[in-house]
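In: can you look at this prediction? I've put the sequence above it.
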Amino acid sequence: MSSCNIILSLSLFITCVMVIMASASNFYQDFHILFGDQRAQILDGGQLLTLSQDQTSGSGFISQNQYLFGRFDMQMKLAPGNTAGTVTTFYLSSSGYHHDEIDLEFLGNTSGNPYTLSTNIYTQGIGGREQQFHLWFDPSKDFHTYSVVWNVHRIIIFVDNSPIRVFNNLELLHVPFPKSQPMAIYASFWDGDSWATQGGRVKTDWSQAPFTASYGRYNINACLGSQQQGSSSSSYPYSYTDCVSTSTNSSNVDNSWRNLGLNAAGRNRLRWVQTKFMIYNYCTDRNKFPGGLPRECQHSKF
């Protein structure tokens, strides 16, 4: 494990410890239940985790660790049937008022209508960067893999290894980018009756409850970020270059996420997904931004 001293303004210093962490799938090892009591269940020796929601409460879980950059893959199988008003999530988030966050939220719908996958990115407590999609499959019939790649250059969101969204680091254009706050992995299943389905016009049919979503195999290849007690992770950046592997067999650690971008095939696939399945893009919503679209929208087609 390495440590690094980072020079801050006014000659303040902060110490961080970061290691490459490769995790096999065991929910007992890497996560704990956040809320919901028995509505959240770890099954099959840690290989499966289910979240349920009824009219009293939803449920959720959180990772044991916080991470600063990495690749995060989670298999999910959503609740079937009439799921209007429900919200199933997989996301990364730091803590505090000025938090960073990378969201995947699955908004339920009435039977026969597709789920909406709503993605959002918060930087320093500010979101409003929604892109929403209908998927090219029924996410309630089988497990599918949802992934976040977060490196110093960009954030890429994948569905079954198909890129659906890219958020580039445009700090040179004064666009904030998540880079200084470690994030935990979260998942939750909760009641979004007031807004989730057709803006809240379609309400939850609680006669269908309990609703249950399943989380299966996952992979974590990431930097483990921490700071000394009393320091403020929301104010000062960590050093990315000092994140090193401590494994005695580092060849087993997949570091491809560090500089991952899209090649020509990836860009074509992204274009296909966004052309065929995107149903909302904040970068085209001039009613939301009457003073002009956000700066990142003007410098990236996607």
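Out: In hand now; what should we look at? Numbers count the residues shown, from 1 in each chain.

In: and residue 132, helix, strand or coil?
Out: Here residue 132 is strand, with the state taken from DSSP: H, G, I helix; E, B strand; the rest coil.

In: residues touching it, list them.
Out: 116, 117, 118, 119, 278, 279, 280, 281 (CB atoms under 8 Å, 6 or more residues apart in numbering). Just so you know, the C-beta spots here come from the backbone N, C-alpha and C atoms, and that holds for glycine as well.

In: just list whatever residues bridge to it.
Out: Counting by DSSP bridges, residue 132 forms beta bridges with residue 118, residue 280.

In: what pairs with the one helix or strand residue 42 maps to, parallel or antiparallel?
Out: Assigned by DSSP states H and E, residue 42 falls within strand 40-43. Taking DSSP bridges as the criterion, strand 40-43 forms sheet pairs with strand 48-53 (antiparallel).

In: just how off-centre is the partner strand within its chain?
Out: Distance of strand 48-53 from its chain centroid, counting by CA atoms, centre = their mean, to the nearest Å, is 18 Å.

In: quick one: mean pLDDT over it.
Out: The average pLDDT for strand 48-53 rounds to 98.

In: what comes into contact with that strand?
Out: Contacts to strand 48-53, defined as CB under 8 Å, 6+ apart, come from residues 27, 31, 36, 39-43, 58-61, 86, 88, 187-191, 209-216.

In: redo that, cut-off 7 Å
Out: Outside strand 48-53, the residues that touch it by CB atoms under 7 Å, 6 or more residues apart in numbering are 27, 36, 39-43, 59-61, 86, 187-191, 209-216.

In: phi, psi of residue 267?
Out: Per-residue torsions, residue 267: phi -70, psi -40 (degrees, to the nearest 10).

In: report pLDDT for it.
Out: Listed pLDDT for residue 267 reads 96.

In: mind listing what it touches?
Out: Counting by CB under 7 Å, 6+ apart, there are no residues that residue 267 touches.

In: what are the ranges of the strands in the stretch 201-302 of the chain?
Out: 211-227, 278-281 (DSSP state E, counting those that start in this stretch).

In: average pLDDT for the shortest one?
Out: Spelled out, it's strand 278-281. If you average the pLDDT over strand 278-281, you get 97.

In: could you do the longest one as well?
Out: Computed over strand 211-227, the mean pLDDT rounds to 88.

In: next, count neighbours for residue 112.
Out: 7 (other CB atoms under 10 Å).

In: longest strand in the protein, please.
Out: If you go by DSSP state E, the chain has its longest strand at strand 59-77.

In: can I get the CA coordinates of the helix or strand that that one is followed by in CSV?
Out: On the C-terminal side of strand 59-77, the closest following helix or strand by DSSP H and E is strand 86-93. Below are the C-alpha coordinates for strand 86-93, written out as CSV (Å, rounded to 0.1, in the frame of the first residue of the first chain):
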residue,chain,number,x,y,z
THR,A,86,-40.8,1.8,-8.6
VAL,A,87,-37.1,2.8,-8.9
THR,A,88,-34.3,0.3,-9.0
THR,A,89,-30.8,1.7,-8.9
PHE,A,90,-27.1,0.9,-9.2
TYR,A,91,-24.8,4.0,-8.7
LEU,A,92,-21.6,5.4,-7.3
SER,A,93,-21.7,8.4,-4.8
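
In: still on that earlier bit, please identify the most buried of the strands of the stretch 201-302 of the chain.
Out: Mean neighbour count (mean count of other CB atoms under 10 Å) peaks for strand 211-227 among these, with a mean of 21.

In: hmm, back to that, now the angle from the longest strand of the chain to strand 86-93?
Out: What separates the directions of strand 59-77 and strand 86-93 is an angle of 100 degrees, with axes from the mean of the first three to the mean of the last three CA atoms, to 10 degrees.

In: which helices and strands does strand 59-77 pack with?
Out: strand 31-35, strand 40-43, strand 48-53, strand 86-93, strand 144-150, strand 183-191, strand 211-227 (3 or more CB pairs under 7 Å, 6 or more residues apart in numbering; DSSP states H and E).

In: residue 163 is nearest to which of these?
Out: Smallest distance to residue 163 across the helices and strands packed on strand 59-77 (CB to CB): 9.0 Å, for strand 144-150.

In: which residues touch the closest one?
Out: Applying CB under 7 Å, 6+ apart, the contact partners of strand 144-150 are 69-76, 90, 92, 102, 104, 137, 155-161, 257, 260.
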